[in-house]
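K.L.:
task: produce atomic coordinates for the following.
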Amino acid sequence: MGAMSREPYARFPLWLEFSGLPEFLNRKAGKLGWAVFKKIVELDCDRNAEPGTVELSLSDLAPRLGVKSEEIRRTVEKIRKAKALRLFLPENDEETALFEVRQPLPCPIPPDEVLRRRPHPGLGESASLRYSKPSSAAKTENPKVVEEIVDRYFSTIGLKMNSFILDELRVIAGRFSQEQLRRAFDRAEKLEIRSLRWVVRELYKESGPRESRSKN
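P.N.:
Down below sits the predicted model:
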């Protein structure tokens, strides 16, 4: 009899359950706030050794939570306002969305206090506490690339700018190469298309979705 394949399990940093985030997100983002956020964290832990980008359409995320994609859209937008997520949402729920857990997370109970209380036996003083501080990927974010994509946004898409649009541009800049970004914005400018969603669709046409280690 052949060896049985290893069954996949979701992974999650348990310290977040003791950080006050469950109540905070349910209050800020509604009754689905914590459930949606926790699923995105599980996907990030499964796909990225260090905190990174989660790529998934809202229509693919919906059955994992047993709700409609429209409810998830409303919820993640509220989680973004609560400063727990950065994200890029396409207009179509079938298209790939980009999610990033913010670092450090705005936890009502600070990480040091969680460790001091040690509500779980596995939370020793040496625990790394994922999302409690910027990851190496966040530290190496290239400000010149972000600055360039912001300039291209202004010259190609429009002059409207706020913190949410800036977060979208940072997520996109972290996902695609500088050359890919330049080519996509060049095409938008040539065709006189003033839509960031169109630019991202072009980026995916060129690069395709990123392969994950697991379907989780």
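K.L.:
which residue ranges of this structure form helices?
P.N.:
Secondary structure of the chain (DSSP state H): helices at 21-29, 33-47, 58-65, 69-81, 111-117, 136-139, 143-156, 163-175, 178-190, 196-207.
K.L.:
which of these sits most buried?
P.N.:
Comparing these by mean neighbour count (mean count of other C-beta atoms under 10 Å), helix 33-47 ranks first with a mean of 21. Backbone N, C-alpha and C define where each C-beta goes, glycine included.
K.L.:
relative to Glu91, which of the helices of the chain is closest?
P.N.:
helix 196-207 (5.4 Å; C-beta to C-beta).
K.L.:
that closest one packs against which elements?
P.N.:
helix 163-175, helix 178-190 (3 or more C-beta pairs under 8 Å, 6 or more residues apart in numbering; DSSP states H and E).
K.L.:
on contacts alone, who are the packing partners of the last one?
P.N.:
In terms of contacts (3+ C-beta pairs under 8 Å, 6+ apart), helix 178-190 is packed against helix 143-156, helix 196-207.
K.L.:
CA atoms only for it, dumped as PDB, please.
P.N.:
Output in PDB follows, covering the C-alpha atoms of helix 178-190 (Å, rounded to 0.1, in the frame of the first residue of the first chain):
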ATOM      1  CA  GLN A 178       9.100  47.700 -12.300                       C
ATOM      2  CA  GLU A 179       9.400  46.900 -16.000                       C
ATOM      3  CA  GLN A 180       6.000  45.200 -16.000                       C
ATOM      4  CA  LEU A 181       4.500  48.300 -14.300                       C
ATOM      5  CA  ARG A 182       6.100  50.600 -16.900                       C
ATOM      6  CA  ARG A 183       4.800  48.600 -19.800                       C
ATOM      7  CA  ALA A 184       1.200  48.400 -18.400                       C
ATOM      8  CA  PHE A 185       1.100  52.200 -17.700                       C
ATOM      9  CA  ASP A 186       2.600  52.900 -21.100                       C
ATOM     10  CA  ARG A 187      -0.200  50.900 -22.800                       C
ATOM     11  CA  ALA A 188      -2.800  52.700 -20.800                       C
ATOM     12  CA  GLU A 189      -1.300  56.100 -21.700                       C
ATOM     13  CA  LYS A 190      -1.100  55.200 -25.400                       C
END
